[in-house]
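Asker: Let me see the structure of the following:
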Amino acid sequence: MTADELKAFCKEMKLTYKELAELIGYGEGAIKTAVSTSNVSRPMERAINLYTETLELKAELKEANKAKEILKTWIKS
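Answerer: Numbering: from 1, shown residues only. Modelled structure (predicted):
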């Protein structure tokens, strides 16, 4: 992940560096340093990827639960 990709990720997710840092277990300074030095560490990149994956899985689970409720209602009818 490049610094530009990290900045774009924050912009796309509407997150400040501080918010992202809190979500992935880093300090705000670490995020700012990664961007300013164009040096995003592998562990930081992995944490961001895991955060993204978690968001995707939560969205899938939400959709699955909606489908489950629809099926329950349909079966009861």
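
Asker: Which pLDDT value goes with residue 74?
Answerer: According to the prediction, residue 74 has pLDDT 88.

Asker: any idea how far it lies from residue 68?
Answerer: Counting by Cβ to Cβ, to the nearest Å, the gap from residue 74 to residue 68 is 11 Å. For glycine as for every other residue, the C-beta is placed from the backbone atoms N, C-alpha and C.

Asker: Quick one: the strands in this protein, in order.
Answerer: Counting by DSSP state E, the chain has no strands at all.

Asker: Any idea how many residues pack against the residue lying closest to residue 10 once chain neighbours are set aside?
Answerer: Spatial nearest neighbour of residue 10, excluding adjacent residues (Cβ to Cβ, 6 or more residues apart in numbering): residue 20 at 5.7 Å. Neighbourhood size, residue 20 [other Cβ atoms under 10 Å]: 20.

Asker: Find residues that contact each of residue 74 and residue 68.
Answerer: Listed as contacting both residue 74 and residue 68 by Cβ atoms under 8 Å, 6 or more residues apart in numbering is no residue at all.

Asker: can you map out the helices along the chain?
Answerer: According to DSSP state H, the chain carries its helices in the segments 3-13, 17-24, 28-36, 42-76.

Asker: How about the shortest one, which residues are buried there?
Answerer: Residues 17, 20, 21, 24 are the ones in helix 17-24 that count as buried (16 or more other Cβ atoms under 10 Å).
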